[in-house]
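1. using only what follows, build the 3D model:
(one chain, ligands or ions: 2)
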Amino acid sequence: MPVNDTRQAMYRWFCGRAFVDLQVRCTRLCMSGVELGLHLIMGSGESGKWTVEQRAPIRNESFENEYVPEIGCLSIIVLGASGDLAKKKTFPALFHLYRQGFIQSHDVHIFGYARSTIPDKEFGSRIRGYLTPCKGFEQTHEEDVTQFLQLIKYVSGAYDKEEGFRLLDKTISEYELSKNSTEGSSRRLFYLALPPSVYPPVCKMIRSYCMNKSDLGGWTRIVVEKPFGKDLASAEELSSQIGELFEEPQIYRIDHYLGKELVQNLMVLRFANRLFLPLWNRDNISNIQVLCLVAMEKPVSLKPEHVRDEKVKVLQSVLPIEDSEVVLGQYEGYTDDPTVPDNSNTPTFATMVLRIHNERWEGVPFIMKAGKALNSRKAEIRVQFKDVPGDIYKCKKQGRNEFVIRLQPSEAMYMKLTVKQPGLEMTTVQSELDLSYGQRYQETIIPEAYERLILDTIRGDQQHFVRRDELKAAWEIFTPLLHRIDQGEMKPLPYKPGSRGPEEADKLAEKAVVEAVVVVSDLPFLFRVSAGQQWCCGRGLSKIGWMEVGLWWVCLREREMEGEREGEREVEYTERSYYRRGMTIGETQAGRVVVAATVLSSDRRVKTQKIVWKHRRR
Ligand SMILES: NC(=O)C1=CN([C@@H]2O[C@H](COP(=O)(O)OP(=O)(O)OC[C@H]3O[C@@H](n4cnc5c(N)ncnc54)[C@H](OP(=O)(O)O)[C@@H]3O)[C@@H](O)[C@H]2O)C=CC1
Ligand SMILES: O=C1O[C@H](COP(=O)(O)O)[C@@H](O)[C@H](O)[C@H]1O
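-> Ligands and ions are numbered 1, 2, ... in the order given. The predicted structure is shown next:
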């Protein structure tokens, strides 16, 4: 449904897409020819002495796969097996895992569960047509499908009745016994391909009747599909209901965009390439146009919890969304659908600017765009770099450096660069370094997102699933806006199907980019610090804690300043934003604005202080 899709798209910008995969090799220190691992120098109990604690060598957690194959038989139970998701995505993904040997008939069985009464054979014919051939296995496809379908047993029952789940448990147990699986060593994976309204009763039933009987290395996990609620309150309620029944490590909140090849590649790109490490920040990036954030800091390790910790942190650094930085749309003809009310306020399109209030991203607009019935169906992340200072080649007119990651269709990464136009003339032209997966990896099978994620659930890797606090942090950002839409306070603008969306959306994006450029072109700022009698040049500002807020203030509030001569604002201080008393901030050499700001008091512990500013145009 469109309303959910828009909510999901908004949610996805955050929780998904950008925070994914990381494959960084941990540093190893080789000492005296013996690999000792990383040594940690610690203060000892005795003052003045240092001891060296020897730790086990740090292993490369991404490449030396920690997964140890388990021995108990595996039951995969798809609840809502009669539905759309199950037939189009879940069973086809299971089939591909089977065909590639990740699911083997000797220790895996699959159960479909739903209310509809469907004989096993008929169930097989329902899904057969959706089981597409695996690349390289086209010859044996029909045979493979027949064998795969034999692994599936369909059980019919209600979602809130004991009998159905007792029957399901009995059917699973019979299979486990037939495989001589020791009780408690078996693994049960429940995939809820169901409307969220039935998650709570279904989880309750699973908890009461279908869990592993004891723990001999076996487990019970549940996979829940988005949407995870419709706003903060409903998401929290759902989380509590499920959280009362299952521990967080048993819960896999799936959003299949996190399983897409190029989303999985994002962290590798960022943290495994020296080229990007120093560039990926506000000093170099003008704006980011994403379906998701590319913003988290490097995690301590590749452990799922470390990765997810970083995701939560960056979500918590997102500033409240300003109404003036949102454009909503609804395509013309949307309300012609008889199921849609004539006065529907449901957006089918949204563009908005997000601001991340941290050292890396202050001043860099994250421009999000998503919609239905647009001119093209694609998902990409676009990172625009700042202009080259001292542009002797006049590169500006050709466009800036840009790094584009196209998730779909046709996975690709390309980088727009300025190069010399081949030939005798010394002219420049914009060209691309292009890594199109279809060409470069012709022989490689790129797995479907669901395939990869289901495999992760079997292996117990939660890295690409949404943790409860992450979900909460994401909803906290969007809920106020969603409520304003629900209350009719924000109206979608009409746009033509097949267009780029409302024109205002492009204008908003342009404005955000221009503002970000102004920040660049105005550098260097000169900062006069009256108390310390110092002069500083703006380039190194982010490294000087007490200047950070000033710069942020100048950059982000420029819009407000344009209309006002002077004013007063409350400024929130971060721990790093240490101010000195009586500081005067800012004069741009580029001559756009002069900003004088005085911080009235200074105290590291005070989180909010008053800043008075004035400016004048030259
Ligand atoms: N379809 C897709 O491509 C995607 C779906 N999702 C999410 O996955 C979940 C399942 O999606 P989808 O398969 O499309 O959903 P369906 O509407 O097809 O529902 C799945 C099954 O659930 C049962 N069901 C449907 N409505 C109700 C109800 N009100 N109460 C109880 N049971 C009901 C039906 O089975 P029966 O009557 O036989 O019991 C139905 O076959 C949803 O949460 C959806 O948002 C997420 C991403 C993509
Ligand atoms: O989650 C969803 O995604 C699909 C689109 O998936 P894609 O992998 O084909 O891009 C969308 O159609 C569906 O409405 C939404 O819930």
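
2. what's the local residue count around the closest residue to K396 other than its chain neighbours?
-> Nearest residue to K396 in three dimensions, chain neighbours excluded: D387, at 5.5 Å (CB to CB, 6 or more residues apart in numbering). (Glycine included, C-beta is placed from N, CA and C.) By the criterion of other CB atoms under 10 Å, D387 has 16 neighbours.

3. so D387 is in contact with R400, correct?
-> Yes: between D387 and R400 there is a contact at 5.9 Å, judged by CB atoms under 8 Å.

4. pretty sure the residue nearest to K396 is in a helix, no?
-> No: counting by DSSP: H, G, I helix; E, B strand; the rest coil, D387 is not part of a helix but coil.

5. how about it, phi and psi?
-> Torsion angles at D387 (phi, psi; degrees, to the nearest 10) stand at phi -70, psi 160.

6. when you give positions from now on, start the count at 817
-> Fine by me, first position is 817 from now on; the one you just mentioned is D1203.

7. pLDDT below threshold where in the stretch 917-1066 of the chain?
-> Residues of the stretch 917-1066 of the chain meeting the criterion pLDDT under 70: 997, 999-1000, 1030-1031.

8. an error on my part: the question was meant for the chain.
-> Low-confidence segments of the chain, defined by pLDDT under 70: 817-885, 997, 999-1000, 1030-1031, 1105-1111, 1330-1434.

9. roughly how far does whatever residue of it ends up closest to ligand 1 sit from A1088?
-> With CB to the nearest ligand atom as the measure, the residue in the chain that lies nearest ligand 1 is G899; the distance is 2.4 Å. When CB to CB, to the nearest Å is the yardstick, G899 and A1088 sit 39 Å from each other.

10. can the helix or strand harbouring G928 be said to contact ligand 1?
-> With elements taken from DSSP states H and E, the one containing G928 is strand 924-930. Yes: if you take CB under 6 Å from any ligand atom as the test, strand 924-930 does meet ligand 1, through A930.

11. and that strand, what does it pack onto?
-> When contacts are defined as 3 or more CB pairs under 8 Å, 6 or more residues apart in numbering; DSSP states H and E, strand 924-930 sits against strand 890-895, strand 968-972, helix 978-994.

12. shared neighbours of D1203 and R1216, anything?
-> When contacts are counted by CB atoms under 8 Å, 6 or more residues apart in numbering, D1203 and R1216 have S1102 as shared neighbours.

13. so which residues on the protein come close to ligand 1?
-> In this structure, the chain approaches ligand 1 at residues 896, 898-902, 904-905, 930-932, 975, 1009-1014, 1041-1043, judged by CB under 6 Å from any ligand atom.

14. just these: which are in strands?
-> The strands, defined by DSSP state E, take in A930, E1041 from the residues of the chain next to ligand 1.

15. now do L965 against A909, distance only.
-> When CB to CB is applied, the distance between L965 and A909 equals 15 Å.

16. rewinding a little: Y1257: which of the helices and strands packed on strand 924-930 is closest?
-> Evaluated with CB to CB, the helices and strands packed on strand 924-930 place strand 890-895 nearest to Y1257, the distance being 28.9 Å.

17. which residues does the closest one contact?
-> 902, 906-907, 910, 919, 923-930, 975, 984, 988, 991-992, 1002-1010, 1018, 1026, 1270, 1274.

18. what of stretch 1148-1162?
-> Outside stretch 1148-1162, the residues within contact range by CB under 8 Å, 6+ apart are 818-819, 822, 1146, 1164, 1189, 1301-1302, 1304, 1307-1308, 1310-1313.

19. ok, back up a step: which of the helices and strands packed on strand 924-930 is buried the deepest?
-> Taking mean count of other CB atoms under 10 Å as the contact definition, the stretch among the helices and strands packed on strand 924-930 with the greatest mean neighbour count is strand 890-895, which reaches a mean of 25.

20. would you put the C-alpha positions of that one in CSV?
-> Output for strand 890-895, consisting of C-alpha atoms alone and laid out as CSV, is shown next (Å, rounded to 0.1, in the frame of the first residue of the first chain):
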residue,chain,number,x,y,z
LEU,A,890,17.0,-27.4,10.5
SER,A,891,13.3,-26.7,10.1
ILE,A,892,12.4,-23.6,8.2
ILE,A,893,8.8,-22.6,8.9
VAL,A,894,7.2,-20.0,6.6
LEU,A,895,4.1,-18.6,8.2
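
21. next one: phi and psi at the residue of the chain closest to ligand 1?
-> Backbone dihedrals for G899, given as degrees, to the nearest 10, come out at phi -90, psi -180.

22. ok so, going back, just the buried residues of the residues of the chain next to ligand 1.
-> Buried members of the residues of the chain next to ligand 1, counted by 16 or more other CB atoms under 10 Å: 896, 898-899, 901-902, 905, 930, 975, 1009-1010, 1012, 1014, 1041-1043.

23. nearest to L1082, of the residues you listed?
-> K1042 (19.5 Å).

24. count the residues that sit near the residue lying closest to the closest one once chain neighbours are set aside.
-> Residue nearest to K1042 in three dimensions, not counting chain neighbours: D1071, with 5.1 Å by CB to CB, 6+ apart. Here the count is done by other CB under 10 Å, and D1071 has 24 residues near it.

25. could you flag which of the contacts of strand 890-895 are buried?
-> Among the contacts of strand 890-895, the ones that count as buried by 16+ other CB under 10 Å are 902, 906-907, 910, 919, 923-930, 975, 984, 988, 991-992, 1002-1010, 1018, 1026, 1270, 1274.

26. after the helix or strand where E1286 lies, next one along is what?
-> Secondary structure assignment for E1286, by DSSP H and E: helix 1284-1302. Using DSSP H and E, the helix or strand that directly follows helix 1284-1302 along the chain is strand 1309-1311.

27. what's in contact with that next one?
-> Under the contact criterion CB under 8 Å, 6+ apart, strand 1309-1311 has outside partners V1143, L1144, G1145, Q1146, Y1147, E1148, F1165, G1317, P1318, E1320.

28. in CSV: these, plus distance to D1285.
-> Below are the contacts of strand 1309-1311 laid out as CSV (distance: CB to CB, whole Å):
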residue, distance to D1285
V1143, 30
L1144, 28
G1145, 32
Q1146, 33
Y1147, 35
E1148, 40
F1165, 30
G1317, 33
P1318, 35
E1320, 35
